[in-house]
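In: Would you be able to build a 3D model of this:
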Amino acid sequence: MVRDITACLLFFGRKQIIKLQLFTIDVSRLTFQKSYVMTKVELFRSLHQPGNPLLLANAWNVQSARIFEKCGYKALATSSAAIANSLGYEDGEKINFHELLFIVELIAANTSLPLTVDMESGYGTEIDEVINNIEQLHQVGVVGANLEDTDRNQPQRALVPATQFADKISQLKAGLKKKEIDFFINARTDAYIVDLPGAKEITLERIKAYDEAGADGIFVPFVAKEELIAQFTKATKLPVNILFAPDLPSFTRLGQLGVARISMGTSAFRATYAHLERMAKDVLAKDDFSPLVKIYTA
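Out: The predicted model follows:
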């Protein structure tokens, strides 16, 4: 190991060199600070800032992910409904996990952005199954997942008991910790989707339970009223995620209300295919390809 470095300093006046000094440095006495590079999951966590919300683009295939990244989005999510619909299925874990994993792996391999996945209820009835599924997602580069408290075993949509879902979160986090997997669990509570009486009180109760269980974030979809959003963000120190709605306040206003994350959900997917349908009808009506040319060359 080289211990000494001989160097020189040139001291400049306004226009000329005024002094030349030789000196020796003992390298063994120097200390060096290691640089630290964030992992993708650490970067993803850091993007959740109440007051400066992360706008999360929900992709359903490689091309949509590439477009979102090209446009400057900082992180990506998948949409369970968009992926399912694009493959000919209805939403609600109608596709199997391996089909989901196939699409997710392709997306993850074609973007440099942090990617989180809509896992619905986890694609498994046992904790070990869900942990195994998360481990497979983690192995292909996924940094987090949404898990919802909807009860898929009921003929009509309902919620699993709050204590049961909180226990699920706790067991998942403990199991992932044992495997040394750092993974962002976004706990979604569906009282407003199910349209339950007393949805506000139910949501507040579940926010507290899921926070205490170790969730990394709270997701409350189907809420657009400012007073409700403000109550939910004040109820927890965890980052709160809000979903697209036609009457949702501006992103700036959502930040003022304490929101840390805003998701597109299926809105981009539905808008894309609604536009495709209109374009297809225009081609028939125009009797030529001018509607396609107009868009393609814009």
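
In: Just give me the neighbour total for Ala271.
Out: 11 (other Cβ atoms under 10 Å). Every C-beta, even on glycine, is put in place using the N, C-alpha and C of the backbone.

In: Also Asn186?
Out: 28.

In: okay, and for this protein, where does confidence drop off?
Out: Within the chain, the stretches with pLDDT under 70 are 1-35, 298.

In: Quick one: residues contacting the spatially closest residue to Ile202 that is not a sequence neighbour.
Out: What sits nearest to Ile202 in space, not counting adjacent residues and going by Cβ to Cβ, 6 or more residues apart in numbering, is Ala191, at 4.3 Å. Residues in contact with Ala191 (Cβ atoms under 8 Å, 6 or more residues apart in numbering) are Leu159, Ala199, Ile202, Thr203, Arg206.

In: The second one: neighbour count?
Out: Which is Ala199. By other Cβ under 10 Å, 19 other residues sit near Ala199.

In: Quick check, it in contact with Ile193.
Out: No - judged on Cβ atoms under 8 Å, Ala199 makes no contact with Ile193 at a distance of 9.2 Å.

In: quick one on the thing from earlier: please list the members of the contacts of Ala191 that lie in helices.
Out: Mapping these onto helices (DSSP state H) picks out Ala199, Ile202, Thr203, Arg206.

In: So the nearest residue to the third one once chain neighbours are set aside versus Glu227, what's the distance?
Out: Spatial nearest neighbour of Thr203, chain neighbours left out: Ala191 (4.9 Å); criterion: Cβ to Cβ, 6+ apart. Applying Cβ to Cβ, to the nearest Å, one obtains 16 Å for the distance of Ala191 from Glu227.

In: any idea how far the residue nearest to Thr150 when sequence neighbours are not counted lies from Asn110?
Out: Nearest residue to Thr150, sequence neighbours excluded (Cβ to Cβ, 6+ apart): Asp190, at 4.9 Å. Distance, Asp190 to Asn110, by Cβ to Cβ: 31 Å.

In: more crowded one of those two?
Out: Using other Cβ under 10 Å, the more surrounded residue of Asp190 and Asn110 is Asp190, with 24 against 14.
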